[in-house]
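Student: Below are the sequence and a predicted model; questions follow.
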Amino acid sequence: MMTGDQQECGPPVTRVSFVKTYKTASTTISSILIRYGINNNLSFVLPSHHEQGWFSRTVRFNSKMQKKLLPPLPGSNYSILASHVPFNKTAIEEVIPNATHITILRHPVFAYESIFGFFKIARNFKIKKQSRQNEFQTFLLNSDKYLKRVKDPFYKTLLRNRQIFDVGLDLKDYDNETIVDYVIDRASKEFDLVMIAEYFDESLILLKNVMCWELEDILYMQQNKRVDHLRYKINDWERQRILELNEADVKLYQHFNETFWRKVEAYGSKFSKDLATFQSKLEKMHTECIDDGKYTTDYRGRRNTTLLKDGAPAYCSNIHDNSFSSLASRQTLNISNPIL
């Protein structure tokens with residue numbers, strides 16, 4: 001693993017667990033991992049019961065989940081976990097020993113606004129526009145009232161501090177500053193890389209470095225992009241209210257934003273050159289592959305899906321078409337006797 005200019009990588013890392021977080025560009029990261037795994041004939045940790053690759057939105061990965069996995073490819077062991085499931089390092093490493101653990105965070109203000117829009121919180125909570133307020137403003141002005149009504153555990157976590165929940169903080173400890181600090185410190189030890197969504201390309205250069213991969217391995221097309229009518233503008237008061245609701249997420253983000261830039265510094269002077277080379281490759285791919293004038297809206301009207309140009313080179317499809325549903329058919333043999 002490289003830590004500076006003069007050191008070279010060893011063999012590519014093939015054992016990795018990626019903790020997906022909500023509305024942080026995590027679907028784009030998982031699509032990169034899926035592509036790498038398929039191209040290198042690696043086996044994924046997948047639930048046998050859900051075609052979208054979810055284990056649970058609120059229960060941490062555990063031994064019961066291990067007993068209900070699609071088996072790995074014949075003659076192989078599990079290599080990659082890139083599904084939605086809250087983090088539990090001990091249980092994950094029982095399935096993928098000595099895994100490299102990674103995740104991605106986004107500034108809590110922007111992640112929260114995106115969650116509110118994408119998951120249609122206004123409709124689900126029956127929040128109506130007021131005369132001078134949109135639904136998001138109405139919610140934030142009355143958030144205590146609305147949050148008291150929440151019964152579904154997924155929405156309980158989604159509407160406060162969801163990022164640190166996925167990393168390891170339990171709902172009951174959201175307001176315990178000592179435990180929040182402990183979880184952040186533990187995450188610093190457990191994760192090999194925490195990426196930052198606002199610096200996505202820079203994050204991928206660090207990912208390439210940690211994984212000893214090539215620049216071509218981290219090329220991407222943006223996935224799961226929210227439609228415009230589910231977006232809200234945020235004023236200064238709303239920003240402050242979001243920060244208050246997500247104090248633990250703010251602490252988490254600030255901590256790992258600092259560690260992120262220390263990793264960039266440790267990478268050395270070659271970082272800027274690698275980033276420029278990567279972005280040049282991205283621009284070339286975009287020009288050759290993506291039809292900017294076309295897209296489809298799917299996922300129940302919430303997501304715009306990028307379309308490829310007619311006659312685009314074959315490699316474009318390899319980058320574009322990477323979903324969990326494409327993985328299940330690879331690992332459906334011997335379901336009654338999974339190899340752990």
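Tutor: Great, that's in hand.

Student: Stretch 55-67 spans what distance, first to last residue?
Tutor: Stretch 55-67 stretches 12 Å from its first residue to its last (CA to CA, to the nearest Å).

Student: so F44 touches N77, yeah?
Tutor: No. Using CB atoms under 8 Å as the test, F44 is too far from N77 to be in contact (11.3 Å). (C-beta placed from N, C-alpha, C; glycine too.)

Student: And those two? Which one has more around it.
Tutor: F44 (24 against 14; other CB atoms under 10 Å).

Student: Who does that one form a beta bridge with?
Tutor: I80 (DSSP bridges).

Student: For the nearest residue to S63 once chain neighbours are set aside, which residues are in contact?
Tutor: Of all residues not flanking S63 in the chain, A91 sits nearest, at 6.3 Å (CB to CB, 6 or more residues apart in numbering). Neighbouring residues of A91 by CB atoms under 8 Å, 6 or more residues apart in numbering: R60, F61, N62, S63, M65, Q66.

Student: Check which element follows the one helix or strand A91 maps to along the chain.
Tutor: Using DSSP states H and E, A91 maps to helix 89-95. Using DSSP H and E, the next helix or strand after helix 89-95 towards the C-terminus is strand 100-105.

Student: What strands line up against that following strand, and which way round?
Tutor: Here strand 100-105 is paired, per DSSP bridges, with strand 16-19 (parallel), strand 193-196 (parallel).

Student: Put together a markdown table for the contacts of A91, with pLDDT on each row.
Tutor: Output for the contacts of A91, formatted as a markdown table (pLDDT from 0 to 100):
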| residue | pLDDT |
| --- | --- |
| R60 | 97 |
| F61 | 97 |
| N62 | 96 |
| S63 | 94 |
| M65 | 95 |
| Q66 | 93 |
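
Student: Most neighbours out of the residues you listed, which is it?
Tutor: When neighbours are taken as other CB under 10 Å, the top entry among these is F61 (24 neighbours).

Student: Can you tell me the SS state at that residue?
Tutor: Judged by DSSP: H, G, I helix; E, B strand; the rest coil, the three-state class of F61 is coil.

Student: P72 now?
Tutor: Judged by three-state DSSP, the three-state class of P72 is coil.

Student: Disregarding residues adjacent in the polypeptide, which is nearest to it?
Tutor: Using CB to CB, 6+ apart, the closest residue to P72 is S43 (3.4 Å).

Student: residue contacts, that neighbour?
Tutor: Neighbouring residues of S43 by CB under 8 Å, 6+ apart: G37, P72, L73, S76, N77, Y78, S79, I80, Q331.

Student: Only the buried subset of the residues you listed, as a ChimeraX command please.
Tutor: With 16 or more other CB atoms under 10 Å as the criterion, this ChimeraX line picks the buried residues out of the contacts of S43:
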select :37,72,73,78,79,80,331
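
Student: Of the contacts of S43, which is the nearest to G117?
Tutor: Closest approach to G117 among the contacts of S43 (CB to CB): I80, at 29.8 Å.

Student: which residues does that closest one contact?
Tutor: 14-18, 33-34, 36-37, 42-45, 96.

Student: how many other residues sit next to the nearest residue to A312 once chain neighbours are set aside?
Tutor: Excluding its sequence neighbours, the residue lying closest to A312 (CB to CB, 6+ apart) is C289, at 4.9 Å. When neighbours are counted by other CB under 10 Å, C289 registers 20.

Student: Return the residues in contact with C289.
Tutor: Counting by CB under 8 Å, 6+ apart, C289 touches M221, L308, K309, A312, P313, Y315, C316, I319, H320.

Student: now it: how far from Q222?
Tutor: 12 Å (CB to CB, to the nearest Å).

Student: got CSV for the contacts of I80, with pLDDT too?
Tutor: CSV is the format used below for the contacts of I80 (pLDDT from 0 to 100):
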residue, pLDDT
T14, 97
R15, 98
V16, 98
S17, 98
F18, 98
L33, 96
I34, 94
Y36, 96
G37, 95
L42, 96
S43, 95
F44, 95
V45, 95
I96, 98
